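Participant: Test case, fold it:
(one chain, ligands or ions: 1)
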Amino acid sequence: MQNIDWKSLGFKYMNTHCHIRYVWRDGAWDKGELVSEPYLNMHIAAACLHYGQAAFEGLKAFRCKDGKARIFRPQANGERMFKTARRTCMAQVPVELFVDAVKRVVKANEDYLPPFGTGGSMYIRPLLIGSGAQIGVAPADEYTFIVMVMPVGPYYKGGLKPVRAIILDEYDRAAPQGMGDVKVAGNYAASLFAHETAKHAGYPVELYLDAKTHTLVEEFATSNFIGIKPDGTYVTPDSHSVLPSVTNKTLKQIAADLGMKVEVRPIPFEEIATFSEIAACGTAVVVTPVCEITRGSTVLKISGPDACGPVLQKLYETVQGIQYGELPDTHGWCVEV
Ligand code: COI
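Facilitator: So this is what the prediction gives:
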């Protein structure tokens, strides 16, 4: 066990023993190897550097109550990366290879997995890049697939403490027929300027509306949007340019299991004022309540700044309970290492 102050971990890079690295050449992936040096020796003409052939994923492993290490829904992330690779003309990582890679690297770094009861988890970051040299605009002829891991705590300081969000109408995240529904690195580059602007204005997160009409809610920069109606209905946007979040998919199922009504449909901006609770959800942020949304001179207050609403609290406790092995995993989401 590493000598780390597990309870005060934030969400930042930490070196661990190794990452796992696979290379695709001549139509096939190699067997992958554990590499301790956290650097790549890359060709200066690599397609990922010039033409953005870069995609990533985010998932977590947990030290459960029974002492075992489990990874949460790795197949779902593997399936999403498979789709992202297709959309960006990269070599696809078979889902079985993805899951095996994640298991191998978690196992090799098990002493970096935060102990049960500390609130920490192991963040798993798979990365797929076009590493072959390519100067004409075309897909690379070589790909590198890496999975790195690190222990993390909450993404936003304060865990379940609500955050303020802002809509910046001068910036869009993803075009209607663009790549918002896949996890390409460029989507995050597209959000950085707006993100820094929001942060400097005192808002930890920015919310995006649909790029075409700026009338419909899409998602936060790093996470999906969930709204809870006063009658307990769970509402989340239906849009081609929103990333299909594994956490949102999980929470929709949990909400349905708890007897809540779940609606996936367009959400007009004006509807924000009718929600009793709003959250950002994703692997990194889990369920982060949003207490207020600002757009220009309009400030929509959703909840008090100090407490998470009861429905989001229940969803948060249920998903975390399943992940840490305190509640039954009735859907078979947790994969033992
Ligand atoms: C995740 O939740 O894993 C994400 O990919 C968001 C990330 C950019 C911090």
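Participant: Now do the buried residues in stretch 218-236.
Facilitator: Applying a neighbour-count criterion of 16 or more other C-beta atoms under 10 Å, one finds 218-229, 232, 234-236 buried in stretch 218-236. Placement of C-beta: from N, CA and C, glycine included.
Participant: Tell me which two in the residues you listed are the farthest apart.
Facilitator: Ala221 and Gly232 (27.4 Å; C-beta to C-beta).
Participant: quick one on the thing from earlier: out of the buried residues of stretch 218-236, the closest to the ligand would be?
Facilitator: Distances from the ligand to those, taken as C-beta to the nearest ligand atom, are shortest for Thr222 (4.1 Å).
Participant: which residues does the closest one contact?
Facilitator: Residues near Thr222 by C-beta atoms under 8 Å, 6 or more residues apart in numbering: 155, 188, 191, 205, 280, 282, 284-285.
Participant: rerun at 10 Å
Facilitator: 58, 155, 187-188, 191, 195, 205-206, 243, 280, 282-285, 288 (C-beta atoms under 10 Å, 6 or more residues apart in numbering).
Participant: do the same with Thr215
Facilitator: Residues near Thr215 by C-beta under 10 Å, 6+ apart: 209, 266-270.
Participant: Leaving out chain neighbours, which residue sits closest to the residue in the chain that the ligand sits nearest to?
Facilitator: Here the chain gets closest to the ligand at one residue, Gly58, 1.9 Å apart by C-beta to the nearest ligand atom. Excluding the flanking residues, the one nearest Gly58 by C-beta to C-beta, 6 or more residues apart in numbering is Thr283, at 4.3 Å.
Participant: wait, that neighbour sits on Met122?
Facilitator: No: under the criterion of C-beta atoms under 10 Å, Thr283 makes no contact with Met122, lying 11.4 Å away.
Participant: Overlap in contacts, the two.
Facilitator: If you check Thr283 and Met122 against C-beta under 10 Å, 6+ apart, the residues they both contact are 59-60, 152.
Participant: Same list (those) but as CSV, adding secondary structure, pLDDT and neighbour count.
Facilitator: Formatted as CSV, these follow (DSSP: H, G, I helix; E, B strand; the rest coil; pLDDT from 0 to 100; neighbours: other C-beta atoms under 10 Å):
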residue, secondary structure, pLDDT, neighbour count
Leu59, strand, 98, 26
Lys60, strand, 98, 23
Val152, strand, 97, 21
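Participant: just to confirm, which helix or strand has Tyr129 in it?
Facilitator: Heads up, residue 129 is Ile, not Tyr. Per DSSP states H and E, Ile129 falls inside strand 121-130.
Participant: Right, I'll call it a day here.
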